[in-house]
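# sequence plus the predicted model coming up.
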Amino acid sequence: MRQITSQTSLLTQILVVCGSSALITAIAAVVSIAGAAQDGGGNPQTGLFLQWRIAIAVGLASVVGLTLMMLAINRVIQSLRDLREGMKRVIGGELENRPSRPPVSSDIGQLQQTFDKMVSRLRDAREENDSIQQALTARKRTVDRLLDFSQTIQGAGKSEQVYSTLCHFLQSELSLASVTILCHEADATPATQVKASLPAECCTAAVGEMDGALCPCLRQSQPRCFRTDSPVRCSVDQFLKDPANKPAYCVPFTVGRKLQFMVHMLLLAGEAWSEERRQLAQTYVNTAQSSLTSLHLLAEAEQESMTDALTGLYNRRSMDQLLEREVALCERHGRPLTIFMVDMDLFKQVNDAHGHAAGDYLLKTFADCVRITLRKTDLAFRYGGDEFCIALPTTPLSQAQQVVQKLRQAFAAVDFTSAIAHMDHQPTLSIGIAERSQAQNVLTLTALLGAADQALYEAKNANRNCVKTYAPPQAA
């Protein structure tokens with residue numbers, strides 16, 4: 001019966017109920033009249049009794065009909081109330097499905113189906129909106145992290161700080177197994193160096209032997225993605241401790257004219273380099289490249305302001321600042337410091353006889369001898385004209401004298417006749433040495449430079465081409 005009613009319209013059910021009530025009333029009336037005709041017999045009292053029977057039958061039939069109508073209307077009202085409660089739940093944000101009563105008619109059933117479809121569409125729209133909100137939240141977090149990274153490296157004063165910061169952000173944002181930043185400079189020794197890596201020991205010590213020409217990323221200056229099943233892998237992988245079954249992504253970039261960098265990244269096993277991941281990695285690298293270029297240009301400008309253009313040694317302007325720092329370090333740590341002054345003998349005669357180009361060649365050749373003789377920690381300055389000042393930190397006087405002799409031998413071994421025609425004599429050097437010493441009252445930079453200059457003056461007065469060591473004047 002419930003299945004039949006759920007498949008018929010509400011109008012049909014009302015007509016059936018009304019028709020059933022009318023039929024029941026008519027049957028009750030016919031039965032009462034037929035009974036009255038059989039039991040009448042012309043008796044007035046009997047007729048009155050029959051009239052009451054008819055009235056009661058009709059009344060009972062009407063009550064039954066009204067009851068059926070009330071039941072039908074109540075079922076309709078209950079279904080509408082269920083729909084109203086469903087609407088309230090939707091307004092309140094509840095879009096989950098709940099079990100509902102069977103529809104009382106096909107009209108109510110269609111209405112309920114339409115309502116359920118609307119709720120389903122709203123639920124799908126909310127899920128889509130939630131996914132969009134999650135994507136926007138993730139994108140906002142990514143942008144915030146990029147901004148944080150940019151602000152962090154903009155405040156960096158050294159390139160090493162940029163390298164370590166880039167490794168940290170790449171590993172945390174891309175969930176990397178390892179990240180390595182390599183620098184390739186053809187003129188450096190070794191040519192390939194690890195600038196930063198996470199984990200710190202993910203590269204072997206032999207990475208300096210890598211041939212940059214064999215790396216497709218450096219050779220083509222294009223980022224490359226290497227899958228685990230690819231027959232071609234990045235050249236860096238052979239110097240990593242654990243590259244197996246891990247997809248790699250390499251991003252090369254250049255800083256200045258000579259420095260080539262490559263960021264080598266490995267994902268965890270089973271993951272893949274999606275387009276979004278590659279774009280994010282490229283964005284981080286581009287941001288770091290901008291900061292590294294700025295630091296490189298700043299370092300070059302500072303180096304040019306402190307360097308003599310002809311010889312490539314430090315100039316007079318930078319001498320006071322750098323030597324004052326060395327004197328302070330020697331004072332603090334109790335370390336020796338030796339300075340020697342160098343003058344080219346008969347330099348003016350070479351200029352006058354062979355021209356300024358020949359004089360410039362002498363100066364540049366001497367600077368080359370200084371570079372191949374001295375350590376990286378030593379400081380060489382062009383003091384002015386053909387005079388030079390060289391500082392040897394943490395070097396006592398005895399060792400400094402050995403360095404001076406090596407420098408003289410290197411300069412004497414140069415064949416100047418191939419570059420300067422009609423050179424009738426080998427250029428020589430006059431050198432004066434002084435050590436920072438409390439016993440000799442040579443403690444300040446001014447006193448140390450004065451002592452070395454006095455020793456140089458003695459060497460020039462002793463027919464040149466010799467080395468003199470400062471000795472304080474003896475009391476009379």
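Cool, the structure landed.

# contacts, neighbours, all on C-alpha from now
Will do.

# helices of the stretch 101-250 of the chain, residue ranges please.
Per DSSP state H, counting those that start in this stretch, the stretch 101-250 of the chain carries helices over the ranges 106-154, 159-174, 216-220.

# same check, this time on the stretch 251-400 of the chain
Using DSSP H, counting those that start in this stretch, helices in the stretch 251-400 of the chain cover 275-306, 316-333, 347-354, 356-373, 397-412.

# any chance of these in TSV with distance to V119 and mean pLDDT as columns?
Shown next, in TSV, are these (distance: least, Cα to Cα, whole Å; pLDDT from 0 to 100):
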stretch	distance to V119	mean pLDDT
helix 275-306	34	90
helix 316-333	77	91
helix 347-354	98	88
helix 356-373	82	93
helix 397-412	90	95
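
# nearest to L174, of those?
Set against L174 and scored by Cα to Cα, those come closest in helix 275-306, at 6.8 Å.

# and the angle for the closest one with helix 316-333?
100 degrees (axes from the mean of the first three to the mean of the last three Cα atoms, to 10 degrees).

# what are the buried residues along helix 275-306?
278, 280-282, 284-285, 287-289, 291-292, 294-296, 306 (16 or more other Cα atoms under 10 Å).

# one more: stretch 161-172?
162-171.

# which residues touch it?
For stretch 161-172, the surrounding residues in contact (Cα atoms under 8 Å, 6 or more residues apart in numbering) are 149, 152-153, 156, 176-181, 195-198, 281, 284-285, 288, 291-292.

# same check, this time on stretch 247-263
Contact partners of stretch 247-263, identified using Cα under 8 Å, 6+ apart, comprise 179-186, 217-218, 221-228, 234, 264-269, 271-273, 278, 282, 285, 289, 292-293, 296-297.

# buried residues in that stretch?
Result for stretch 247-263 [16+ other Cα under 10 Å]: buried residues 247-255, 260-263.

# and those, which two are the farthest apart?
Most distant of the buried residues of stretch 247-263, by Cα to Cα, are P247 and V255, 26.6 Å apart.

# only alpha carbons, please: show stretch 190-204 as PDB.
The C-alpha coordinates for stretch 190-204 follow below in PDB (Å, rounded to 0.1, in the frame of the first residue of the first chain):
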ATOM      1  CA  PRO A 190      90.000  22.800  -7.600                       C
ATOM      2  CA  ALA A 191      87.800  24.000 -10.400                       C
ATOM      3  CA  THR A 192      84.600  22.600  -8.800                       C
ATOM      4  CA  GLN A 193      83.800  23.300  -5.100                       C
ATOM      5  CA  VAL A 194      80.900  22.500  -2.800                       C
ATOM      6  CA  LYS A 195      79.500  25.800  -1.400                       C
ATOM      7  CA  ALA A 196      76.800  24.300   0.700                       C
ATOM      8  CA  SER A 197      74.900  21.000   1.100                       C
ATOM      9  CA  LEU A 198      72.200  19.400   3.300                       C
ATOM     10  CA  PRO A 199      72.800  16.900   4.800                       C
ATOM     11  CA  ALA A 200      76.300  18.400   5.400                       C
ATOM     12  CA  GLU A 201      78.200  15.200   4.400                       C
ATOM     13  CA  CYS A 202      76.100  14.100   1.400                       C
ATOM     14  CA  CYS A 203      79.000  14.700  -1.100                       C
ATOM     15  CA  THR A 204      82.300  12.900  -1.200                       C
END
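
# hmm, back to that, want to throw the helices of the stretch 251-400 of the chain into a markdown table with distance to N441?
Compiled in a markdown table, the helices of the stretch 251-400 of the chain are given as follows (distance: least, Cα to Cα, whole Å):
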| stretch | distance to N441 |
| --- | --- |
| helix 275-306 | 30 |
| helix 316-333 | 13 |
| helix 347-354 | 33 |
| helix 356-373 | 29 |
| helix 397-412 | 15 |
